[in-house]
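S.K.: mind looking at a prediction? Sequence and model below.
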Amino acid sequence: MASNQMVRMNQGQGETSYARNSSIQNAQQNRMKPLIEAAIVDFCSSINTGSLFPRKMLIADLGCSSGPNALALVSIALEAIHNHCLQFQQTPPEVCLLLNDLPENDFNTVVKNLVTLRQSNKPLVMIGVAPGSFYERLFTSGSLHLVCSSSSLQWLSKAPEHLTRNQIPAYDIDEHTRRERLPIVLEAYAQQFRKDFTLFLKLRAKELVSGGRMVLSLIGRPSYIIDSEFFHLWEIVAQILSVMASEVRSFFFFLAQHFIIC
Ligand SMILES: C[S@@+](CC[C@H](N)C(=O)[O-])C[C@H]1O[C@@H](n2cnc3c(N)ncnc32)[C@H](O)[C@@H]1O
């Protein structure tokens with residue numbers, strides 16, 4: 001759930017930071033690599049056959065967060081442009097990379113890492129951050145050549161109004177009430193998602209150049225799969241519980257030792 005003032009990923013590079021706890025999301029980004037490469041090749045080829053190769057390209061990652069994942073998608077795109085230009089002996093375009101997230105995001109860490117990206121790549125790269133919600137206009141009309149986003153679009157713009165108005169929580173502690181209200185809750189969230197995603201597409205349609213590409217990935221499940229079978233998220237919960245359990249075990253071990261010594 002997102003709002004401009006609300007939660008953000010854990011900042012910095014510490015043990016509990018998003019930077020050090022986002023390997024599952026990074027695996028998802030790696031699965032997007034061939035899609036981003038294909039989008040670049042596709043876009044560049046369609047331009048080649050039509051008119052001149054673009055001299056400037058603007059690429060945005062929406063919901064970039066912080067840590068290594070923030071640069072992963074734009075780096076893949078940059079590499080794909082570089083390879084395409086080498087293969088077809090084209091002069092590489094100047095590339096502008098824009099990283100978006102909510103204003104509370106840890107952009108300080110992102111900016112520090114951006115400098116290394118700028119130094120390590122061959123095409124001339126300009127880099128900037130674009131704080132704001134992707135449920136609003138972020139870029140000028142007809143300016144973007146490629147939009148990427150990973151594991152972010154499942155964040156809604158707000159909780160469904162029907163539920164907040166009637167004080168219905170997404171997850172009721174009482175199992176009977178929860179089961180009874182499940183269809184209402186599911187439908188309310190599905191409706192909010194449809195509304196938000198439609199708005200997202202309309203906004204990006206204004207911001208993309210004609211023929212521009214989008215590569216998006218988001219967490220979801222087919223509606224016929226019930227929660228208990230949605231193993232991907234349970235895997236994360238299982239990892240967290242196992243770390244907590246091992247910490248509790250160490251704590252009791254420490255207490256036992258201390259008690260014996262005393
Ligand atoms: C799970 S993180 C994914 C980060 C990164 N793309 C990755 O794959 O690791 C989701 C990110 O989306 C951002 N986000 C959520 N709603 C947003 C919105 N409306 N506009 C911009 N960013 C948003 C969050 O702040 C968060 O950093």
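M.R.: Noted; the coordinates are in hand. Numbers count the residues shown, from 1 in each chain.
S.K.: right, and A72 touches Q25 too?
M.R.: No: A72 is beyond contact range of Q25, at 9.1 Å (criterion: C-beta atoms under 8 Å). From N, CA and C alone the C-beta is placed, and that goes for glycine too.
S.K.: list the contacts for L199?
M.R.: Y135, S157 (C-beta atoms under 8 Å, 6 or more residues apart in numbering).
S.K.: measure L117 to S66 for me?
M.R.: Distance of L117 to S66, given as C-beta to C-beta, to the nearest Å: 14 Å.
S.K.: of the two, who's got more company?
M.R.: A direct count of neighbours by other C-beta atoms under 10 Å for L117 and S66 places S66 higher, at 28 against 16.
S.K.: ok, the more buried one to the ligand distance?
M.R.: 7 Å (C-beta to the nearest ligand atom, to the nearest Å).
S.K.: from memory that residue sits against A19, does it?
M.R.: Yes: here S66 reaches A19: they are 6.0 Å apart, a contact under C-beta under 8 Å.
S.K.: check whether stretch 90-101 comes near the ligand.
M.R.: Yes: Stretch 90-101 is in contact with the ligand by C-beta under 6 Å from any ligand atom, via N100, D101.
S.K.: how near is I40 to the ligand?
M.R.: On the measure of C-beta to the nearest ligand atom, I40 and the ligand end up 19 Å apart.
S.K.: kindly report the same for H176.
M.R.: H176 is 32 Å from the ligand, by C-beta to the nearest ligand atom.
S.K.: wasn't that residue part of a helix?
M.R.: Yes: counting by DSSP: H, G, I helix; E, B strand; the rest coil, H176 is part of a helix.
S.K.: pull the number of nearby residues for it.
M.R.: With other C-beta under 10 Å as criterion, H176 counts 8.
S.K.: and if you look at T140?
M.R.: For T140, using other C-beta under 10 Å, the count is 10.
S.K.: surely it forms part of a strand?
M.R.: No: T140: not assigned to a strand; according to three-state DSSP it is coil.
S.K.: from S141, how far out is the nearest residue to it once chain neighbours are set aside?
M.R.: The shortest distance from T140 to any non-neighbouring residue, by C-beta to C-beta, 6 or more residues apart in numbering, is to E207 (7.2 Å). Using C-beta to C-beta, one obtains 7 Å as the distance from E207 to S141.
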